[in-house]
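K.L.:
Build me a model:
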Amino acid sequence: MFKHACLQLHWLIGISAGLVLAIMGLSGGLYSFSSELIQLIDPQITRVSPGNAAPLSPALLLERVSQQSPDVSSLSLSDDPSQAARVGFMRPQAGSEFKKFEQQYLNPYTGELLGKPASEDFFRWVLNLHRKLALDQGGKAITGAATLALLLLIISGMYLRWPRAKSLYWRSWLNLDWRLSGRDFLSRLHAVLATVAMLAYLIFALTSLSWSYDWYRKGLNALLGKDSATISKIAKAPRAAPSQHPTKALDLDAVWKNFQAEVPHYQKLILLLPSGSASTLQILYLDQQAAHPYANNRMVFDAASGALQTHERYADKSPGAKLSASLYALHSGSFFGSTGMLIMMLAALLMPVLAVTGWMMYLSRRRLKQIAQI
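P.N.:
Model prediction:
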């Protein structure tokens, strides 16, 4: 009786949330290697020829950028000599008190603005589709509910798949019988694919819920021993705060000198200029032994004197704080390197397959019921 009710619940959730989950899976899979694809599609903007020149200092770079375009808010640098830098702007919006964050690529050897790749707009739309179905907050509410539905699908599917035999033999979970046909083959294919991707889907759901619901995020932070979660992405700067002119009460040369004294080698960094009335400047950076691409360290400097005030290292965080800072890395698979990203991408791309096979079984079942009633 309970198993029948569980099956009905699984079907109901699947046909209700299946389409949304399929869109989220397809868009998430497409976005997985977006940074690499953008560089491959638009190398004339994202890559530079270093030659024998040395890169300009951040102070000189931002001085040249501000002469070309105002409202500079951040600067992203890489230790790869052929990688273009990125500069962020907080643009005033006509008729609004809010500002819009924009980024352009920058030649770190000349200070020339290189513009923005056309492919970046496409992947930004894909990300918006993944997070909010390319809609507003209503879309975010739908994807959040679909993520909860995914958790219920995992739990009910796990129960339905649990072997009747006492021994958990792997063939009972992963064997795909090619002799089957029709609805029986679809059912077996659906079950095997879902089992293979189950762990990835569990990670997807448990991480993404922290961005969908405040109650979940607060509960997770309490469980991890944190008051609030700060998930910093090395590729993006904060978008909410207004920026001030980079040369106002700011000694970037002193900041950079003190940064290099503390961190002679890094992979990537984001320099965040003071915003509003703030008197401090922040640098988020990845060291060369970073555990994953989002294991950021944080340094805070006095903007006027360049004196180091705070140096928070990822390696010194508590296990709970490390896990909180690694949610996006877990969600994308980058926590486990390129192999992890590939596995998570393939699992995401399986979601439309599971949605289609689920619907085919549902329609087949309805058709058989109609025939039986004749």
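K.L.:
any idea which element the residue nearest to Ser27 when sequence neighbours are not counted lies in?
P.N.:
Closest residue to Ser27 apart from its sequence neighbours, by Cβ to Cβ, 6 or more residues apart in numbering: His130 at 3.9 Å. In this view, the C-beta of every residue, glycine as well, is placed from N, C-alpha and C. Secondary structure assignment for His130, by DSSP states H and E: helix 118-132.
K.L.:
elements contacting that helix?
P.N.:
Applying 3 or more Cβ pairs under 8 Å, 6 or more residues apart in numbering; DSSP states H and E, one finds that helix 118-132 contacts helix 2-31, helix 34-41, helix 137-161.
K.L.:
quick revisit: residue contacts, the residue nearest to Ser27?
P.N.:
Neighbour list for His130: Ile23, Met24, Ser27, Gly28, Tyr31, Thr143 [criterion: Cβ atoms under 8 Å, 6 or more residues apart in numbering].
K.L.:
could you pull out the strands for the stretch 51-200 of the chain?
P.N.:
With DSSP state E, counting those that start in this stretch, the ranges of strands along the stretch 51-200 of the chain come out as 72-78, 85-92, 99-106, 113-115.
K.L.:
Give the burial count for Ile41, as a bare number.
P.N.:
Neighbour count of Ile41, defined by other Cβ atoms under 10 Å: 16.
K.L.:
quick one on the thing from earlier: of all the strands of the stretch 51-200 of the chain, which lies closest to Asp177?
P.N.:
strand 72-78 (50.2 Å; Cβ to Cβ).
K.L.:
by how many degrees do the closest one and strand 85-92 diverge?
P.N.:
Compare the direction of strand 72-78 with that of strand 85-92 by axes from the mean of the first three to the mean of the last three Cα atoms, to 10 degrees and you get 160 degrees.
K.L.:
How confident was the prediction at the nearest residue to Arg47 once chain neighbours are set aside?
P.N.:
Nearest non-adjacent residue to Arg47, counting by Cβ to Cβ, 6+ apart: Ser82, 5.4 Å away. Residue-level confidence at Ser82 comes out at 95, pLDDT.
K.L.:
hang on, the earlier thing: how about the helices and strands packed on helix 118-132, which one is nearest Leu176?
P.N.:
Closest approach to Leu176 among these (Cβ to Cβ): helix 137-161, 13.3 Å.
K.L.:
buried sites along the closest one?
P.N.:
Buried residues in helix 137-161, defined by neighbour count with 16 or more other Cβ atoms under 10 Å: 139, 142-144, 146-154, 156-157.
K.L.:
Val20 - how many residues pack around it?
P.N.:
20.
K.L.:
and the gap between the nearest residue to it once chain neighbours are set aside and Val300?
P.N.:
Nearest residue to Val20 in three dimensions, chain neighbours excluded: Ala146, at 4.1 Å (Cβ to Cβ, 6+ apart). From Ala146 across to Val300, the span is 39 Å (Cβ to Cβ, to the nearest Å).
K.L.:
Same check on Tyr328?
P.N.:
22 Å.
K.L.:
who's more crowded, these two?
P.N.:
Using other Cβ under 10 Å, the more surrounded residue of Tyr328 and Val300 is Tyr328, with 19 against 16.
K.L.:
after the helix or strand that Ala261 is a member of, next one along is what?
P.N.:
Element membership for Ala261, per DSSP H and E: helix 252-262. Going down the chain from helix 252-262, the next helix or strand is strand 268-272, by DSSP H and E.
K.L.:
Just the buried residues of that next one, please?
P.N.:
For strand 268-272, the neighbour count (16+ other Cβ under 10 Å) marks Lys268, Leu269, Ile270, Leu271, Leu272 as buried.
K.L.:
Just list the residues touching Ala54, thanks.
P.N.:
Ala54 is in contact with Tyr109, counting by Cβ under 8 Å, 6+ apart.
K.L.:
Need phi/psi at it.
P.N.:
phi -100, psi 150 (degrees, to the nearest 10).
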